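# Predicted model, plus sequence, below.
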Amino acid sequence: MKKRAICAALCLTLCIALGGQAAAAERGVSFILNGAVLETEIAAQVIDQTVYVSYWPIVQALYPDAAAVWANHRAEVTTEGLTLYIKPGAKYIEANGRYLYVPEGVQVQGYDILVPIRVLGRALGAYINWNGASSAVEITSGSSPIPSGTLAYQEDVVYWLSRIIYAESGNQSLDGKIAVGNVVLNRVASPRFPNTVYEVIFQRNQFTPAMTGSINRTPSAESVIAAKLCLDGANTAGDALYFVNPNMSPYSWASRNRPYVATIGAHAFFA
């Protein structure tokens, strides 16, 4: 019981702590909000050329009335017009029902939870600019947080995209699921294929689940999340238009005729 209490206290501290190691200060990076330097220490680190920052000081600077609690193994932030969920280790954050991709996952540094500054800025409705001359992250507040998922996602698109993702990659990682969704959306954007998600999925002789009926199975929660991540710009498959399981189809038409893009889990992707 004592151990649980200690863990709960630590998690709450992770959620609302304003301190930290101030890695940004060590690198000489400053944070400027609406033209004024933020004096609060902001923990930061660079991962794969992406600046991660402690979310709470930024949230509090933009939304002074915001409140944060630790529940369901994640930080839960609320203020007028914004509900934000940030879970350490997750490859996305959820803001107003929108799913924003974090390729390297939400990080923890000391007592701080870190997310990419541009992803956080998008969730908060802020504009982010890197000023290389002054080594400063410039933050400009917007008029409101990110619009809700109800407004951003078309119900029928999520319905079919999540089902083809589940039918084709239900046993794959989140990145593998996103990649399958990317192929469908890349086809929608290509003049060589139909221009709606439904028509792409049900194009003749293209997707086996559409022919066998397995596409009608109820998708997993992660498959629905993957669909929404794709619709909000997550991409793990580049410009791929095809994917195959090399173990099941070692001499597929795509592998013999199309440029190779990547292998993610059980699938190889081709442009």
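Noted; the coordinates are in hand.
# right, and Ile215 touches Ser162 too?
No - taking contacts as CB atoms under 8 Å, Ile215 lies outside contact range of Ser162: 10.3 Å. All C-beta atoms are positioned from the backbone trio N, CA, C, and that covers glycine.
# Hmm, Gln60 is touching Ala67, no?
No - with contact defined as CB under 8 Å, Gln60 and Ala67 do not form a contacting pair (9.9 Å).
# between those two, who's got more neighbours?
The residue with more neighbours, out of Gln60 and Ala67, is Gln60; 18 against 12, by other CB atoms under 10 Å.
# Over to the more buried one. Which of the three states is it?
On the three-state scheme (DSSP: H, G, I helix; E, B strand; the rest coil), Gln60 is labelled helix.
# From Ser252, how far off is it?
Separation of Gln60 from Ser252 (CB to CB, to the nearest Å): 52 Å.
# next one: Ala90
When CB to CB is the yardstick, Ala90 and Ser252 sit 33 Å from each other.
# what's around the spatially closest residue to Ala90 that is not a sequence neighbour, how many residues?
Nearest residue to Ala90 in three dimensions, chain neighbours excluded: Val106, at 5.2 Å (CB to CB, 6 or more residues apart in numbering). If you count neighbours by other CB under 10 Å, Val106 ends up with 22.
# and what of Gly265?
With neighbours defined by other CB under 10 Å, the count for Gly265 comes to 15.
# Return the residues in contact with the closest residue to it other than its chain neighbours.
The shortest distance from Gly265 to any residue other than its chain neighbours is 3.9 Å, reached at Gly176 (CB to CB, 6+ apart). Listed by CB atoms under 8 Å, 6 or more residues apart in numbering, the contact set of Gly176 reads 169, 236, 264-267.
# repeat that with 7 Å
When contacts are counted by CB atoms under 7 Å, 6 or more residues apart in numbering, Gly176 touches 169, 264-265, 267.
# what about the stretch 51-200 of the chain, any weak spots by pLDDT?
Residues of the stretch 51-200 of the chain meeting the criterion pLDDT under 70: none.
# Helices of that one, start to end?
In the stretch 51-200 of the chain, helices defined by DSSP state H, counting those that start in this stretch lie at 55-62, 117-124, 149-152, 155-169, 174-189, 197-201, listed in chain order.
# just so I know, which of those lies nearest Ser220?
Taking CB to CB as the measure, the helices of the stretch 51-200 of the chain were each checked against Ser220, and helix 155-169 came out nearest at 5.7 Å.
# The nearest residue to Gly142 once chain neighbours are set aside: neighbour count?
Beyond its immediate neighbours in the sequence, the residue positioned closest to Gly142 (CB to CB, 6+ apart) is Gly125, lying 3.8 Å away. Residues within reach of Gly125, counting by other CB under 10 Å, total 19.
# Could you do Leu33 as well?
Here the count is done by other CB under 10 Å, and Leu33 has 18 residues near it.
# Can you get me a residue count around the residue lying closest to it once chain neighbours are set aside?
Taking CB to CB, 6+ apart as the measure, Leu33 lies nearest to Ile139, with 4.8 Å between them; neighbours along the chain are not counted. Ile139 has 23 neighbouring residues, counting by other CB under 10 Å.
# residue contacts, Ile139?
If a contact means CB under 7 Å, 6+ apart, then Ile139 has 31-33, 121, 126, 128 as its contacts.
# Alright, calling it a day.
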